[in-house]
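Participant: need a 3D model of the sequence below.
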Amino acid sequence: MEMVGEARLTASRELVWEALNDPDVLQASIPGCESLERTADNEFTATVVSKVGPIKARFAGKVTLSNMVPPRSYTLTGEGSGGAAGFAKADIEVSLDALEPTVTMLRYGVKANVGGKLAQLGSRMIDAAARKSADDFFELFGKQVNDRAEKAAPVSNGATFDLSALALTAPTETVQTAHAGASHPQGSGSATEKPEPARQAAAEPVHAVHTDTPPAPPQTAPSPTTQQAEVMDVLMSEKIKVWISDQIAVVTLNRPASRNAMTYAMWLAIPAILAALDRNPDVRAVLLTGADKDFCAGADIAEFEKVRADAAQATAYEVAVDACCDAITRLSKPTIAVLRGYCLGGGAHLAMSCDFRFSAADAVFGIPAAKLSIIYGVKGTRKLLSLVGVSDAKTILYSAQRFDAAKALSIGFVDRVAGLANQQAALSIWERLLGAKTRPVQGGDPMAEARAFAASLAGNAPLSIAGAKYLLNGMVTGTGGLDLVRAEALIAAAAASDDYREGREAFAARREPKFQGR
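Facilitator: Okay, the predicted model is just below:
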């Protein structure tokens with residue numbers, strides 16, 4: 001018998017790992033377990049009363065933990081004898097994936113054998129009983145973990161991010177980028193925002209306008225000191241959060257009460273955050289997502305009277321948006337947008353700037369610029385065209401209508417929709433008779449799928465990925481978008497790198513390479 005499954009637990013991976021190695025937690029979670037005692041560091045004796053169909057017996061045996069990779073995975077082997085009822089042995093592969101600082105996905109695969117009278121019951125009944133036992137275990141285990149999580153102190157569950165060092169450099173770099181891209185100074189108006197109360201924000205998406213007529217210069221322009229304060233506020237109030245685990249950085253837009261609408265200061269802050277992640281050799285991929293139920297509903301219209309009141313400010317705002325999205329595109333590491341709920345307007349530009357887009361089945365997309373007398377920016381429009389083609393791009397921009405995840409997948413706006421056919425898995429007659437619960441079909445979490453995909457990329461050569469990304473992005477942007485001198489320099493640098501030597505040696509030795517990005 002073989003089966004696989006998963007359980008989403010609201011606790012840090014470290015806490016879940018501790019629980020998986022705690023005999024008291026395991027005993028409380030195993031249905032019918034009368035005793036579980038540690039006899040060695042990774043070995044326990046156990047007594048379990050189990051009933052399968054008409055056969056009920058007390059099984060005595062042992063549980064062994066092996067192949068341990070704390071806090072990520074282990075193999076649990078259990079074997080026991082129930083006398084005349086027969087015997088059972090199971091190997092369970094358990095892995096833990098930290099989806100968020102306090103969310104862990106536990107995955108398991110079971111291979112089991114039974115003998116004696118149990119084997120005479122037939123595979124269907126045994127499979128159904130095993131599935132019910134697994135469901136009951138994870139329900140009980142989840143309660144144990146939740147109780148521990150409520151009592152435990154907050155856990156970082158990953159690398160911390162040096163906000164103070166980042167905040168010192170962010171405004172200057174962003175201001176220089178903005179002025180280089182504009183034909184006039186940036187507009188006046190501070191986007192500094194106090195920690196916001198719960199409110200219904202006007203977060204309908206919008207993207208700033210390009211104009212052929214040179215605007216009148218603004219009366220005042222925010223100083224680098226002012227913008228530094230704005231970016232510091234974004235970072236210290238955690239309107240954008242950064243978390244690093246397993247060589248994957250997760251950048252989270254964190255204004256859930258406003259559907260993660262982007263403030264002007266958030267547009268300014270992201271380039272410096274990404275630059276820091278690009279310099280970090282421990283980061284091999286970056287995921288961009290939104291807190292709670294939404295990715296991003298676009299720009300925050302509520303602040304427009306302050307930061308986008310006239311044509312000059314509108315152009316400066318567009319410069320900041322483009323600088324932010326360009327920073328995502330230019331990042332040398334793979335980027336994946338993890339999309340839930342609203343992905344609209346400026347939020348769509350953020351998502352399109354990433355290399356890949358993984359969507360939840362309930363995500364909603366749209367670019368409503370035509371409803372606001374706004375022309376979507378040149379760079380955002382080019383990205384849309386490259387993804388969906390001219391006909392669908394015209395439909396999206398002309399109609400300003402929203403579309404669902406299934407449509408987004410069919411036209412190429414997103415690369416994957418997690419759980420698109422997420423239905424309740426049908427139960428067999430034996431499972432219904434034994435009281436098993438209905439369960440979702442596996443694969444309904446875009447963050448879980450994005451992390452798994454990012455992890456599959458993280459072991460590849462960083463220089464190869466960075467070079468391929470530069471070449472592909474340059475080719476997509478058309479004539480003049482690719483610097484051939486730089487492209488050839490990247491290719492030559494990779495050929496002369498330590499990683500190239502490591503790749504050849506690993507191939508000859510038939511082992512996995514260990515790339516260092518140099």
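
Participant: tell me the contacts of residue 512?
Facilitator: By C-beta atoms under 8 Å, 6 or more residues apart in numbering, residue 512 lies in contact with 459, 506. Any C-beta I mention is one placed from the backbone N, CA and C, and that applies to glycine too.

Participant: ok, it to residue 57 distance?
Facilitator: For residue 512, the distance to residue 57 (C-beta to C-beta, to the nearest Å) stands at 44 Å.

Participant: also residue 330?
Facilitator: If you go by C-beta to C-beta, the gap between residue 330 and residue 57 works out to 64 Å.

Participant: mind checking which of these two has more residues around it?
Facilitator: A side-by-side neighbour count of residue 330 and residue 57, using other C-beta atoms under 10 Å, places residue 57 first with 21 against 15.

Participant: specify the beta-bridge partners of the more buried one.
Facilitator: When bridges are taken as DSSP bridges, the partners of residue 57 come out as residue 50.

Participant: most remote residue from the middle of this protein, which is it?
Facilitator: For the chain, the largest distance from the centre (C-alpha atoms, centre = their mean) belongs to residue 84, which lies 50.0 Å off.

Participant: wait, doesn't that one sit right on residue 59?
Facilitator: No: using C-beta atoms under 8 Å, residue 84 makes no contact with residue 59, being 11.9 Å away.

Participant: need the three-state assignment for residue 3.
Facilitator: The local conformation at residue 3, judged by DSSP: H, G, I helix; E, B strand; the rest coil, is strand.

Participant: now the residue nearest the centre of the chain: which helix or strand?
Facilitator: For the chain, residue 447 is the residue whose C-alpha lies nearest the centre (C-alpha atoms, centre = their mean; 3.8 Å). Using DSSP states H and E, the secondary-structure element containing residue 447 is helix 446-458.

Participant: so what does that helix touch, helix or strand wise?
Facilitator: Applying 3 or more C-beta pairs under 8 Å, 6 or more residues apart in numbering; DSSP states H and E, one finds that helix 446-458 contacts strand 87-100, strand 248-253, strand 285-290, strand 335-339, strand 356-360, strand 416-418.

Participant: give me the angle between the helix or strand just after the second one and strand 335-339.
Facilitator: Sequence-wise, the next helix or strand beyond strand 248-253 is helix 264-279, with elements assigned using DSSP H and E. Here helix 264-279 points in a direction 140 degrees away from that of strand 335-339 (axes from the mean of the first three to the mean of the last three C-alpha atoms, to 10 degrees).

Participant: and helix 264-279, what other elements does it pack with?
Facilitator: Counting by 3+ C-beta pairs under 8 Å, 6+ apart, the packing neighbours recorded for helix 264-279 are helix 163-181, helix 224-236, strand 240-245, strand 248-253, helix 311-330.

Participant: let's see that with 6 Å instead.
Facilitator: helix 163-181, helix 224-236, helix 311-330 (3 or more C-beta pairs under 6 Å, 6 or more residues apart in numbering; DSSP states H and E).

Participant: what about the longest helix in this structure?
Facilitator: Assignment by DSSP state H gives helix 123-151 as the longest helix of the chain.

Participant: in it, which residues are buried?
Facilitator: By neighbour count, and taking 16 or more other C-beta atoms under 10 Å as the criterion, the buried residues in helix 123-151 are 125-138, 140-142, 144-145, 148-149.

Participant: and the residue nearest to residue 462 when sequence neighbours are not counted, how far is that from residue 280?
Facilitator: Excluding the flanking residues, the one nearest residue 462 by C-beta to C-beta, 6 or more residues apart in numbering is residue 517, at 3.8 Å. When C-beta to C-beta is applied, the distance between residue 517 and residue 280 equals 10 Å.

Participant: ditto for residue 346
Facilitator: The gap separating residue 346 from residue 280 is 26 Å, by C-beta to C-beta.

Participant: quick one on the thing from earlier: any idea of the mean pLDDT in the longest helix of the chain?
Facilitator: Predicted confidence along helix 123-151 averages 83 (mean pLDDT).

Participant: quick one, it and strand 87-100 angle?
Facilitator: Here the directions of helix 123-151 and strand 87-100 differ by 40 degrees (the same axes, to 10 degrees).

Participant: which other helices and strands contact helix 123-151?
Facilitator: Right, helix 123-151 is packed against strand 2-9, helix 13-20, helix 23-29, helix 429-434 by 3+ C-beta pairs under 6 Å, 6+ apart.

Participant: out of those, nearest to residue 418?
Facilitator: Among these, the nearest to residue 418 by C-beta to C-beta is strand 2-9 (12.6 Å).

Participant: how far off centre is that closest one?
Facilitator: Relative to the chain's own centre, strand 2-9 is displaced by 19 Å; criterion: C-alpha atoms, centre = their mean, to the nearest Å.

Participant: mind listing what's buried in it?
Facilitator: 6-7, 9.

Participant: closest one of those residues to residue 379?
Facilitator: Closest to residue 379 out of the buried residues of strand 2-9 is residue 6 (38.8 Å), distances taken as C-beta to C-beta.

Participant: can I see the domain layout of the protein?
Facilitator: Following automatic domain parsing, the chain resolves into domains at 2-151, 163-188+202-212+221-431, 459-518.

Participant: low pLDDT regions in the stretch 51-200 of the chain?
Facilitator: Counting by pLDDT under 70, the stretch 51-200 of the chain shows low-confidence ranges at 118-119, 121-123, 153-200.

Participant: what about the residue nearest to residue 19 when sequence neighbours are not counted, neighbour count?
Facilitator: Of all residues beyond its chain neighbours, the one nearest residue 19 is residue 25 (4.6 Å), with distances taken as C-beta to C-beta, 6+ apart. Residues near residue 25, counting by other C-beta under 10 Å, number 19.

Participant: where are the low-confidence patches of the stretch 301-450 of the chain?
Facilitator: 421-443.

Participant: recalculate using a threshold of 90.
Facilitator: Applying pLDDT under 90 to the stretch 301-450 of the chain flags residues 301-302, 304-318, 371-379, 419-445.

Participant: still on that earlier bit, tell me what angle the helix holding residue 447 forms with strand 335-339.
Facilitator: Here helix 446-458 runs at an angle of 170 degrees relative to strand 335-339 (the same axes, to 10 degrees).

Participant: picking up where we left off before, let me see the contact set for the nearest residue to the residue farthest from the centre of the chain once chain neighbours are set aside.
Facilitator: Using C-beta to C-beta, 6+ apart and skipping residues adjacent in sequence, the residue nearest residue 84 is residue 117, 6.6 Å away. With contact taken as C-beta atoms under 6 Å, 6 or more residues apart in numbering, residue 117 is in contact with 55, 85-86.

Participant: how about JSON lines for the residues you listed, with neighbour count and distance to residue 354 added?
Facilitator: Conversion of these to JSON lines gives the following (neighbours: other C-beta atoms under 10 Å; distance: C-beta to C-beta, whole Å):
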{"residue": "55", "neighbour count": "18", "distance to residue 354": "54"}
{"residue": "85", "neighbour count": "20", "distance to residue 354": "55"}
{"residue": "86", "neighbour count": "19", "distance to residue 354": "54"}
